[in-house]
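> pasting the structure only:
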């Protein structure tokens with residue numbers, strides 16, 4: 001990046017009207033922000049837009065004045081090289097105000113426009129401040145929650161919320177209790193005096209859902225459970241879910257770097273869990289300073305500088321905003337360093353996302369132990385380890401009866417969360433991806449669904465292959481169900497793992513669907529299309 005690049009960034013996707021000046025030569029960022037604070041309840045889109053209308057001109061003028069004062073070039077030159085702005089995702093009325101301001105400023109200064117994806121900026125500011133190469137990123141913000149990793153020129157979504165963003169989910173509970181926005185800090189404060197109570201814990205591979213736990217939390221409050229106990233347990237479960245799926249993403253990609261983004265990342269308990277998980281795995285963890293975690297123009301300006309230096313600018317006619325702008329729609333023009341996957345070995349001891357696995361290929365055996373996860377609350381951890389071990393034993397055997405190749409179960413000890421299994425295959429599917437093998441997986445999943453249960457975590461790490469057969473392993477997240485939605489989600493999880501690990505995923509994705517169609521119900525594939533088309537960034541709030 002040129003040491004002379006200076007960018008003025010503008011952010012206003014939901015609640016924070018913000019402008020910043022970034023100097024790539026000194027790596028200095030100066031941020032001016034004016035946050036919208038609703039009098040009651042959550043963010044109201046109309047009120048947020050009114051706030052943007054009033055505040056954006058003020059923060060932009062302050063930032064522009066700073067840029068002029070610190071500009072060391074001739075007065076005839078503009079004080080910045082480009083104007084970067086958040087194009088989305090976010091609230092449409094707010095984004096349009098930001099877009100209009102950015103266009104007007106770029107025209108008046110005669111400098112280019114750079115359109116930045118707000119969520120990719122959350123990732124890139126973490127990558128930039130940590131100086132990481134190819135991290136997995138957990139974005140945990142108001143309207144969003146997802147896992148991203150770089151693959152084939154884009155940031156791929158490895159996992160995400162299936163209903164609402166993590167911050168919005170927490171806010172829905174706090175509004176029920178009568179607390180004002182934002183609810184996250186209030187939950188964090190109340191949790192300090194709480195004790196654990198059971199609440200739902202829902203992960204589906206690397207996807208997750210908050211609707212069930214929030215409904216249960218509201219009901220518990222109405223039934224008289226102390227609010228501090230609910231807040232404590234909300235944090236333990238919600239952040240435990242996010243940490244678990246993040247560990248799955250690290251395991252799938254082979255990455256040993258994790259960055260955190262989004263306003264919810266300011267929560268001390270979430271950062272503590274992620275740091276502890278990374279320590280257990282031998283991975284590096286980085287959370288940017290709070291001013292870069294919450295919505296801010298600094299991250300827009302920093303990514304804007306990278307994009308500007310890569311020649312990634314916008315014509316005025318192409319500078320429309322997009323409230324549903326997904327991070328995996330963004331061509332990553334500013335980097336080309338494709339990561340190498342650490343595929344691991346097929347002998348010795350392997351640390352998976354959930355268990356320590358001792359492999360003995362010559363003896364034909366595998367011992368799998370779900371070791372305690374110290375980041376999780378002990379009661380929750382014990383329950384999950386016991387339940388998942390029992391389920392894995394039961395469903396592994398049931399799948400074999402349905403004609404799906406799986407390891408033979410030798411022994412199970414639910415109390416110790418330990419399994420002994422037959423050693424199968426020669427390598428993970430991740431290391432030997434072909435259309436024929438993926439088509440096998442499609443057929444296998446269809447047979448499971450026809451029998452009334454799901455695998456729960458079908459990824460390229462949880463399929464073993466040799467020259468003759470394709471095996472499904474690790475049924476610990478499986479469950480019995482007769483819902484088409486659950487079957488479609490099972491396919492979606494595997495589909496996303498292909499996107500995250502394959503060099504050319506599209507032929508493999510087609511093979512998955514073709515294999516499923518041979519054995520399964522077309523209604524499941526139709527529901528899969530619905531799942532893929534859902535706008536999870538359109539939440540009515542931010």
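Noted; the coordinates are in hand. Owing to the predicted nature of the structure, the values given are computational and were not obtained by experimental measurement.
> what does the host helix or strand of residue 188 rub up against?
Per DSSP states H and E, residue 188 falls inside helix 184-191. Residues outside helix 184-191 that contact it (CB atoms under 8 Å, 6 or more residues apart in numbering): 167, 170-171, 173-174, 179, 227-228, 231-232, 234-235, 263-264, 266-269. (Glycine included, C-beta is placed from N, CA and C.)
> same thing but at 7 Å, please
Here helix 184-191 makes contact (CB atoms under 7 Å, 6 or more residues apart in numbering) with 167, 170, 174, 179, 227-228, 231-232, 234-235, 264, 267-269.
> For it, list every residue counted as buried.
The neighbour-count check on helix 184-191 (16 or more other CB atoms under 10 Å) flags 184, 186, 187, 188, 190, 191 as buried.
> quick check, nearest of the residues you listed to residue 498?
Lowest distance from residue 498 to the buried residues of helix 184-191 (CB to CB) belongs to residue 184, with 34.0 Å.
> Next, work out how far apart that closest one and residue 29 are.
24 Å (CB to CB, to the nearest Å).
> which of the contacts of helix 184-191 lies closest to residue 73?
Residue 73 lies nearest to residue 264 out of these, by CB to CB, at 40.2 Å.
> my guess is the closest one meets residue 140, correct?
Yes - taking CB atoms under 7 Å as the definition, residue 264 is a contact partner of residue 140 at 4.0 Å.
> who touches both of the two?
The contact lists of residue 264 and residue 140 share 166, 270, where a contact means CB under 7 Å, 6+ apart.
> can you pull the buried residues of the host helix or strand of residue 63?
With elements taken from DSSP H and E, the one containing residue 63 is helix 45-70. Within helix 45-70, the residues scored as buried using 16+ other CB under 10 Å are 48-49, 51-53, 55-56, 59-60, 62-64, 66-67.
> And it, how far out from the chain middle?
Its chain's C-alpha centre and that of helix 45-70 lie 30 Å apart, by CA atoms, centre = their mean, to the nearest Å.
> Check stretch 149-156 too.
Using CA atoms, centre = their mean, the distance from the centre of stretch 149-156 to the centre of the chain it belongs to is 13 Å.
> swap in stretch 79-87?
Counting by CA atoms, centre = their mean, stretch 79-87 comes out at 27 Å from the chain centroid.
> Run through who's touching it.
Here stretch 79-87 makes contact (CB under 7 Å, 6+ apart) with 5-13, 21, 67-68, 71, 95, 98-99, 102, 105-106, 109, 111-118, 300-301, 304, 308, 313, 321-322, 325.
> in the particular helix or strand that has residue 499 in it, what counts as buried?
Here residue 499, judged by DSSP H and E, is contained in helix 484-501. Buried residues in helix 484-501, counted by 16+ other CB under 10 Å: 484, 486-501.
> can you check stretch 216-223 too?
216, 217, 218, 220, 221.
> Could you tell me how many residues sit around residue 352?
Residue crowding around residue 352 was assessed by other CB atoms under 10 Å; the count is 17.
> List the contacts of it.
By CB under 7 Å, 6+ apart, residue 352 lies in contact with residue 251.
> Can you give me the pLDDT of it?
Residue 352 is assigned 75 on the pLDDT scale.
> Give the next helix or strand downstream of the helix or strand harbouring residue 385.
Following DSSP H and E, one finds residue 385 within helix 378-401. Sequence-wise, the next helix or strand downstream of helix 378-401 (DSSP H and E) is strand 409-413.
> Mind giving me the packing neighbours of that next one?
If contacts are counted by 3 or more CB pairs under 7 Å, 6 or more residues apart in numbering; DSSP states H and E, strand 409-413 sits against helix 378-401, strand 418-422.
> Who are the packing partners of the first one?
So the one you mean is helix 378-401. Secondary-structure packing of helix 378-401 (3+ CB pairs under 7 Å, 6+ apart): helix 227-253, strand 409-413, strand 418-422.
> got the buried residues for it?
Residues 380-381, 384-385, 388-389, 391-396, 398-400 are the ones in helix 378-401 that count as buried (16+ other CB under 10 Å).
> Same question for the shortest one.
Within strand 418-422, the residues that qualify as buried are 418, 419, 420, 421, counting by 16+ other CB under 10 Å.
> Is the second one in contact with residue 368, as I believe?
Yep, that's residue 419 we're talking about. Yes - under the criterion of CB under 7 Å, residue 419 makes contact with residue 368 at 4.6 Å.
> sorry, back to before: where's the dip in pLDDT among the buried residues of helix 184-191?
Note: of these, the lowest pLDDT belongs to residue 184, at 92.
> Low-confidence ranges, the stretch 351-500 of the chain, go.
Low-confidence segments of the stretch 351-500 of the chain (pLDDT under 70): none present.
> Residue 139: neighbour count?
If we define neighbours as other CB under 10 Å, then residue 139 has 27 of them.
> Check which helix or strand it maps to.
Using DSSP H and E, residue 139 falls in strand 136-140.
> about what we covered before: output the helices and strands packed on helix 378-401 in TSV; the columns should cover distance to residue 448.
What follows is the helices and strands packed on helix 378-401, written out as TSV (distance: least, CB to CB, whole Å):
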stretch	distance to residue 448
helix 227-253	20
strand 409-413	16
strand 418-422	18
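> and residue 275, which of those is closest to it?
Relative to residue 275, the nearest member of these by CB to CB is helix 227-253, separated by 9.7 Å.
> Give me the angle between that closest one and helix 378-401.
Relative orientation of helix 227-253 versus helix 378-401 (axes from the mean of the first three to the mean of the last three CA atoms, to 10 degrees): 50 degrees.
> State the next helix or strand along the chain beyond helix 227-253.
Sequence-wise, the next helix or strand downstream of helix 227-253 (DSSP H and E) is strand 257-261.
> List the contacts of that next one.
For strand 257-261, the external contacting residues (CB under 7 Å, 6+ apart) are 122-123, 126-127, 130, 132-140, 246, 250, 271, 274, 278, 283-287, 293.
> so what's residue 208 bridging to?
residue 161, residue 203 (DSSP bridges).
> I'd say it and residue 246 touch.
No - using CB under 7 Å, residue 208 is not in contact with residue 246, being 10.3 Å away.
> If you count surrounding residues, which of the two has more?
Neighbours per residue (other CB under 10 Å) separate residue 208 from residue 246, with residue 246 holding more: 27 against 24.
> how close does the nearest residue to that one once chain neighbours are set aside sit to residue 130?
Spatial nearest neighbour of residue 246, excluding adjacent residues (CB to CB, 6 or more residues apart in numbering): residue 138 at 5.0 Å. In this structure, residue 138 and residue 130 are 13 Å apart, going by CB to CB.
> Which one's more surrounded, those two?
Legend: neighbour count by other CB under 10 Å for residue 138 and residue 130, higher for residue 138 (30 against 18).
> Which pLDDT value goes with the more buried one?
For residue 138, pLDDT reads 95.
> What part of the chain, helix or strand, is modelled with the least confidence?
strand 348-351 (a mean of 71; mean pLDDT, DSSP states H and E).
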